[in-house]
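Chemist: sequence below, structure please.
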Amino acid sequence: MNFCTKVDLPATDFKIDYNSRLAFFGSCFADNISAQFAKRKFKVMANPFGTVYNPVSLASQTKAIADGKVFGENDVFKDERCDGLWHCWDAHSSLSAHAREECVDKLNAATTQARDFLRKADAVFITLGTAFVYYLKDSGKPVSNCHRQDPNLFTRRMISVDEATEAICETIASIRQLNPHAHIVFTVSPLRHMSDGAHGNNLSKATLQLAIHNALEKTAAEYFPSYEIVMDELRDYRFYDSDMIHLSKTAEEYIFERMVETYCDSITRENIAKVEKFLKMANHRIQDENSPATQEFKEKLAKQAAELEKRITGLKLD
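Modeler: Predicted structure coming up:
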C-alpha cells in the first residue's frame with residue numbers, strides 16, 4: 001500500500017562518483033543540498049558569489065565567471081548606514097568588506113576560483129527560487145542582493161516566462177563556454193516565498209517551471225524534480241522546519257537520497273554508505289583527549305580512513 005504519490009525520477013545518461021566535481025548555484029536550497037554532498041566528502045563548489053534566487057541575476061553571475069570579469073572600484077559601493085561596509089550588487093554580503101580593496105579582492109578571488117572549478121566540473125546543479133527580480137531605479141540594473149538598502153532605490157517585478165527563458169539559456173551558454181562537457185541539471189526550489197503571498201508564490205514557481213521547460217527544449221540540459229518531490233512525496237508539514245516554510249533536515253536528506261538514486265550507481269551508493277558509517281564513528285564525542293583509549297581510537301580512525309581512501313578512488317577524508 002502506498003501512502004504518497006511517488007514522483008518518477010528522470011532517466012539520465014551520466015553518473016557521479018567520488019571522482020566527480022560538482023558545482024551548485026542558486027537559492028538557499030542549493031546551499032542545503034550541496035552541503036549534503038559535501039559532508040559525505042564529495043568535491044563540491046557552492047554559490048561562489050553567495051545565494052542567488054532569480055534567473056536574471058544568476059545569468060549575470062555565470063557570465064562574469066565565464067568571461068573572467070575583473071571587478072574594480074566601480075563595481076562596489078559604500079554602505080554609510082552599516083559601519084561603512086563595501087558591497088557589490090552582484091554578490092552576497094559574505095563578500096562584503098570594511099575596505100573597498102578587500103571587497104574587490106574577494107570578488108575577483110571568487111571569480112577565479114569558480115572559473116577554475118567550472119572548467120573541470122562534471123555536473124552543475126542549478127536551483128531557481130523565484131521569478132521576482134529587483135532592479136535599481138537609477139540604472140535599471142538587476143541586483144542579486146539588496147544589502148538592506150533603502151527600498152526606494154529599487155523596483156521589483158516578476159519577470160515574464162520569455163525573460164526567464166532567455167536568462168536560463170544565457171546561463172547555460174556561459175557554462176558551456178567554460179566547459180562544453182559539463183552536465184547541467186536545473187531544479188526549482190520547493191521553498192515557498194510567502195512574502196509574495198500564496199498566489200504570487202505559485203505564479204513565480206510556475207514561471208520558473210515554464211521557463212526551464214522552454215530552455216531545455218532549446219539546449220542540452222536536464223531537470224530534477226525537487227519541487228515535485230516535496231509537493232507530492234513529502235506533502236506534510238512534519239517535513240518542514242518550525243517556520244513551516246523551510247524544509248526540515250529529514251526532507252533535505254530525503255531529496256539528497258533521491259538525487260543519489262538518480263545520479264549514482266550501486267557501487268557509489270555503497271561507497272556513500274561506507275563513508276557515512278566512518279564519519280559517524282569519527283564524530284564520536286571524545287571525553288578525555290589524552291587517555292590511552294582516545295589515542296587508540298584515533299589510530300584506529302586513521303587506519304580506517306587510509307583504507308577507505310585506498311578503496312574509493314577520489315575520496316579524501318581530511
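Chemist: pretty sure G129 is touching R192, no?
Modeler: No - G129 sits out of contact with R192 when judged by CB atoms under 8 Å, with a separation of 9.7 Å. For the C-beta atoms, the positions are set from N, CA and C on the backbone; glycine is no exception.
Chemist: looking at those two, which one has more neighbours?
Modeler: The neighbour count for G129 versus R192, taken as other CB atoms under 10 Å, is higher for G129 (25 against 19).
Chemist: ok, for that one, nearest residue in space, not its chain neighbours?
Modeler: Spatial nearest neighbour of G129, chain neighbours left out: S27 (3.3 Å); criterion: CB to CB, 6 or more residues apart in numbering.
Chemist: same question, L301
Modeler: Nearest in space to L301, with sequence neighbours left out and distances taken as CB to CB, 6+ apart, is A282 at 5.6 Å.
Chemist: what mean pLDDT does the one helix or strand L107 maps to get?
Modeler: Taking DSSP states H and E as the criterion, the element that holds L107 is helix 100-120. Looking at helix 100-120 alone, the average pLDDT works out to 97.
Chemist: pretty sure V44 sits in a helix.
Modeler: No - V44 is assigned strand when assessed by DSSP: H, G, I helix; E, B strand; the rest coil, not a helix.
Chemist: just to check, it is in contact with F24?
Modeler: Yes - taking CB under 8 Å as the definition, V44 is a contact partner of F24 at 6.8 Å.
Chemist: for the protein, which segments count as strands?
Modeler: With DSSP state E applied, the chain shows strands at 21-26, 43-46, 77-78, 86-87, 123-128, 132-136, 142-143, 154-158, 183-188, 222-223, listed in chain order.
Chemist: out of those, the one nearest A164 is which?
Modeler: If you check each of these against A164 by CB to CB, strand 123-128 wins as the nearest, at 8.1 Å.
Chemist: and the angle from the closest one to strand 21-26?
Modeler: Between the axes of strand 123-128 and strand 21-26, defined by axes from the mean of the first three to the mean of the last three CA atoms, to 10 degrees, the angle is 10 degrees.
Chemist: roughly how far is strand 123-128 from the heart of the chain?
Modeler: Remark: strand 123-128 is offset 6 Å from the chain centroid, using CA atoms, centre = their mean, to the nearest Å.
Chemist: what's the average pLDDT for that strand?
Modeler: For strand 123-128, the per-residue pLDDT values average out at 98.
Chemist: over to stretch 140-153?
Modeler: Predicted confidence along stretch 140-153 averages 95 (mean pLDDT).
Chemist: which residues are in contact with that stretch?
Modeler: Where contact means CB atoms under 8 Å, 6 or more residues apart in numbering, the residues beyond stretch 140-153 that reach it are 49-50, 52, 54, 56-57, 60-61, 79, 82, 87, 89-93, 96, 133-138, 154.
Chemist: can you pull the buried residues of that stretch?
Modeler: 142-145, 147, 149 (16 or more other CB atoms under 10 Å).
Chemist: straight-line length of it, end to end?
Modeler: Here the two ends of stretch 140-153 are set 10 Å apart, with distance taken as CA to CA, to the nearest Å.
Chemist: circling back to that earlier point, residues contacting the helix holding L107, please?
Modeler: Residues outside helix 100-120 that contact it (CB under 8 Å, 6+ apart): 21, 23, 45, 48-49, 64-66, 68-73, 75-76, 78, 86-88, 90-91, 95-97, 124, 175, 178-179, 182.
Chemist: closest one to L9 out of the buried residues of stretch 140-153, please.
Modeler: For these, the minimum distance to L9 (CB to CB) is 31.1 Å, reached by S144.
Chemist: give me the neighbour count for the closest residue to that closest one other than its chain neighbours.
Modeler: Once its chain neighbours are removed from consideration, S144 has its nearest residue in S57; the separation is 4.0 Å (CB to CB, 6+ apart). Neighbour count of S57, defined by other CB under 10 Å: 21.
Chemist: per-residue pLDDT, S57?
Modeler: According to the model's per-residue confidence, S57 sits at a pLDDT of 97.
Chemist: same deal with the one 10 residues further on?
Modeler: Listed pLDDT for D67 reads 97.
Chemist: N108: how many residues sit nearby?
Modeler: The burial count assigned to N108 is 16, neighbours taken as other CB under 10 Å.
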